[in-house]
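1. Give me a model of this one.
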Amino acid sequence: MSPPCFGFLPDGRPARLYVLSTPSGFSAGILDYGAIVVFLRLADATATPWNLVLGYDTLDGYVNGSAYMGAIVGRVAGLCLECQGDSDGTSHPELCNILLEPSVPSTSHTIYSFTSLRDPNS
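-> Have a look, this model is predicted:
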């Protein structure tokens, strides 16, 4: 069974909402689109759930909104991973983080895949 579809991207791909929850009433909703936290709900003493995250009710808000509401992954996540900046033949890895071209595509508007970290032997 796959997670529920939260909406469709302009190119037709579905964005799925993964929900993690505990018996005590805490739950987190995370999109595979941009690894966005859609909600963090915590139950109070009367078992009333409260959402602790400011965000949008639909995928369209995350796709077309100008704010990075709930973003876990920033605009340039992973772009400096293999960077080997150099100046005058001397390696300076810190140069990779100084300037990023505006033409570099945003990684916050990407579908990410989730993998279980649970040990199958436990």
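2. can you give me the mean pLDDT across the helix or strand residue 18 falls within?
-> Take DSSP states H and E as the rule and residue 18 turns out to sit in strand 14-21. Averaging pLDDT along strand 14-21 gives 93.
3. Tell me the helix or strand right after that strand.
-> strand 27-31.
4. Next, the buried residues of the strand holding residue 18.
-> 14, 15, 16, 17, 18 (16 or more other Cβ atoms under 10 Å). The C-beta positions use only the backbone N, C-alpha and C, and glycine is treated the same way.
5. Contacts only, for the first one.
-> Shown here is residue 14, whose contacts under the criterion Cβ atoms under 8 Å, 6 or more residues apart in numbering are 5, 6, 7, 8.
6. Arrange the residues you listed in a markdown table, one row each, with distance to residue 34, pLDDT and secondary structure as further columns.
-> Below are these laid out as a markdown table (distance: Cβ to Cβ, whole Å; pLDDT from 0 to 100; DSSP: H, G, I helix; E, B strand; the rest coil):
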| residue | distance to residue 34 | pLDDT | secondary structure |
| --- | --- | --- | --- |
| 5 | 16 | 94 | strand |
| 6 | 11 | 95 | strand |
| 7 | 13 | 96 | strand |
| 8 | 15 | 96 | strand |
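7. Buried only: go through the residues you listed for me.
-> 6, 7.
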